[in-house]
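Novice: Just a sequence and a predicted model for now, questions to come.
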Amino acid sequence: MAGILIVDDSTVNRNLLKNMLEIEGYEVVGEAENGKEGYDRYLELKPAITVLDISMPQLNGIDLLKLIKNCDPQAKVVMLSANSESEKAEEAAQHGADEYVSKPYTKSAILEAIKRCEGSAHS
């Protein structure tokens, strides 16, 4: 199973995601509360999958996505956003996001996105 990094400025969301993923047997290798910290943690941990919130202080999720993909074009990234606006999803996709899940999300939506990332990592 993949090591996962969670980057979200909401402690509640990070804890919710971490618990949800760990119950399903995933290893959460790290967490960060803003984009800058998220990038540092990404470089340090090189996780198999990174889950990013779009709206964060210091460095937003789209900018962090660009940095991660620039560093590793094969990186697997799941974007989360309270904005269900299609332009955010399109922008994330243009910059290489592998999956996009709108908040409020369901456990199944998150797990399906993670599984699709895992599947594409093996191809």
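Specialist: Nice, I can see it.

Novice: For the nearest residue to K76 once chain neighbours are set aside, give me its contacts.
Specialist: Nearest residue to K76, sequence neighbours excluded (C-beta to C-beta, 6 or more residues apart in numbering): C117, at 4.1 Å. In short, each C-beta sits where N, CA and C put it, glycine included. Under the criterion of C-beta atoms under 8 Å, 6 or more residues apart in numbering, the contact list for C117 reads A2, A48, I49, K76, V77, V78, D98, E99.

Novice: Check P73 too.
Specialist: Contacts for P73 (C-beta under 8 Å, 6+ apart) come out as G96.

Novice: buried set for the lowest-mean-pLDDT helix or strand in the chain?
Specialist: Least confident helix or strand of the chain, by mean pLDDT, DSSP states H and E, is helix 86-94 with a mean of 83. Of the residues in helix 86-94, K88, A89, E91, A92 count as buried by neighbour count, 16 or more other C-beta atoms under 10 Å.

Novice: Identify the farthest-apart pair in those residues.
Specialist: A89 and E91 (7.4 Å; C-beta to C-beta).

Novice: quick one on the thing from earlier: what helix or strand does the residue nearest to K76 sit in?
Specialist: In this structure, C117 is located in helix 107-121 according to DSSP states H and E.
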